[in-house]
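# All I have is the shape, not the residue letters:
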């Protein structure tokens, strides 16, 4: 098909994937309700506990940041991406995509873009609730946005990997998430601070992207830290995102056609 | 004759199983070629290699005279692929499914609406424009799936058992659609288990056995390779007596799935056949012209017993 430059085609493919995913999300109202209710409930419940205890109140700002990265984005971006891959497989649309000239990176960026839109809406919703409870965002919006972008990117890459390797059917999404995703979440410091973990666990935690997302976003949102203070986390996230992109593209290219018929 | 697709010596192994063993085939532009064979003979594997869903261990595929390089996006734009399962987005409307794939294939925005509207009209999907694809019946989903495969005006349409999962009525509808595609000059390679589908749609048929083409030709050509002018189907209380009688008469006997068929060397009336088989406890007998099904069993199926 002539008439489009390769860059134009790539851009249009990315937009097409992202628009399709958002349209599907909009039409699957039940999923959308979960997507709204789960982080909102988490924020309300955690927020009320923090706000109700004088000795914990100081940690409310960090808790809000942790819930955004560790709960909301984890489930919507990582879980969402695993679900997308499983659904493409189950509906057999994956074969159609793989047979089309869709560039693997356009598919990856399309998913990232759709997840970014959803994540942005979650940020607004979550911080609105947090604000009513008393939490505040203290740092640079640009830096916070950058960390969220890197986090979404990293989650999508991991989602591609988990989806390709462990979720052939939609029922296996929960298995993949709970068996691999949730331990990473715990190591990432979402439920316990890094300091109270055993030394060996802390060492392993340093290798997980969740820890650096959490620390970086908490640093900006709760403690107004800047680029200089967060350089290690940022470098880690940038490197992980590059790794994530490579992992995502490789997972897409080599998606095993498990139900291959002779 | 312009060659649209040239396949030479494809080999493919899955673990211990050698699925393709030197598969070769040529499809001319504007030709409809059917790939027939028993389950597991490698039909879908061939299509998957053409669509770059699989990589061959050896062999070459040329599309429009150009070798199809692995991951070649250009080669993908030349092919329209429709699998036996309706690969659609169930929450999107029919025209949205088409629009989505049109964008992936780089159909320019200025042409997209017109092309989608044309296919909606041609495939009678317009009344379902506000029905989500997932709510359409199997036949209409497959119709939409076919339309999606055509949205970018492919040079070669690859159909993997396109009517396998639909009811008889929907199958007839799809056959009519495919006939109109054939008549409009589309180049199609299709696999099917419905021999009547191949007989009705295909200019040429390739019969596969053991991972390669065992016989190929037009339907009349394949039928002419059956050593008989007509087929006698016999039900008898004493099959051995029928076999003996046929053998005495010099009629080749075929047995498939417990049913006896006798190949008549020359045309005979039913009365003449009944008289000839007299004394062999025949309960029912019919005389039919040789069909593609007979050619298939003759040229491909190894299970029949030559008596």
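All right, it came through fine. Note that the structure is predicted; figures quoted are calculated from it, not measured.
# alpha carbons only for contacts and neighbour counts from here, please
Noted.
# Let me see the ranges of the helices in chain B.
In chain B, the helices defined using DSSP state H lie at B:43-50, B:73-77, B:94-104, B:109-122, B:138-150, B:168-183, B:195-201, B:219-224, B:239-249, B:270-276, B:292-299.
# Report the separation between whatever residue of the stretch 201-307 of chain B ends up closest to chain A and residue B:9.
The nearest approach of the stretch 201-307 of chain B to chain A comes at residue B:211, 9.8 Å away (Cα to the nearest Cα). Counting by Cα to Cα, to the nearest Å, the gap from residue B:211 to residue B:9 is 10 Å.
# and these two? which has more neighbours close in?
Between residue B:211 and residue B:9, residue B:211 has the larger neighbour count (other Cα atoms under 10 Å in any protein chain shown), namely 24 against 17.
# nearest spatial neighbour of that one, skipping sequence neighbours?
Among residues not flanking residue B:211 along the chain, residue B:20 sits closest, at 4.0 Å (Cα to Cα, 6 or more residues apart in numbering or on different chains).
# now residue A:24
residue B:91 (5.9 Å).
# Okay, now the unreliable bits of the stretch 51-200 of chain B?
Applying pLDDT under 70 to the stretch 51-200 of chain B flags the ranges B:69-71.
# and if we set it to 50?
By pLDDT under 50, the stretch 51-200 of chain B has no low-scoring segment.
# Residue numbers of it in contact with chain A?
Counting by Cα under 8 Å from any Cα of the partner chain, the stretch 51-200 of chain B comes close to chain A at B:51-53, B:72-74, B:76-78, B:81-82, B:85-89, B:91-92, B:100, B:103-108, B:152.
# quick revisit: since we're on the residue nearest to residue A:24, how many residues are nearby?
Residues near residue B:91, counting by other Cα under 10 Å: 20.
# What are the phi and psi values at the residue of the stretch 201-307 of chain B closest to chain A?
Note on residue B:211: backbone dihedrals following degrees, to the nearest 10 are phi 80, psi 10.
# which residues does residue A:96 contact?
B:81-82, B:87 (Cα atoms under 8 Å, 6 or more residues apart in numbering or on different chains).
# which of the residues in the helix or strand of chain A with the lowest mean pLDDT are buried?
Using mean pLDDT, DSSP states H and E, helix A:171-176 stands out as the lowest-scoring helix or strand of chain A, at a mean of 74. Neighbour-count burial for helix A:171-176, counted by 16 or more other Cα atoms under 10 Å in any protein chain shown, picks out A:172-173, A:176.
# Run a quick neighbour tally on residue 28.
Here I'm looking at chain A. By other Cα under 10 Å, neighbour count at residue A:28 equals 12.
# if you could check chain B rather than the one you did, that'd help
16.
# Near chain B, which residues of the stretch 101-250 of chain A? Just list them.
A:101-103.
# swap the cut-off to 7 Å and go again
A:101-102 (Cα under 7 Å from any Cα of the partner chain).
# ok, which stretches of the stretch 101-250 of chain A are helices?
A:104-133, A:141-166, A:171-176, A:182-187, A:199-205, A:209-223, A:231-253 (DSSP state H, counting those that start in this stretch).
# returning to what we had before: could you measure the residue of the stretch 201-307 of chain B closest to chain A against residue B:18, distance?
For residue B:211 relative to residue B:18 (Cα to Cα), the value is 8 Å.
# Pull the number of nearby residues for residue 81.
In the absence of a named chain, chain A is used. Other residues close to residue A:81 by other Cα under 10 Å number 26.
# that's the other chain; I wanted chain B
26.
# How about the contacts made by the residue lying closest to it once chain neighbours are set aside?
Distances taken as Cα to Cα, 6+ apart place residue B:158 nearest to residue B:81, at 4.9 Å, with adjacent residues excluded. By Cα atoms under 7 Å, 6 or more residues apart in numbering or on different chains, the contact set of residue B:158 is B:79-82, B:188-190.
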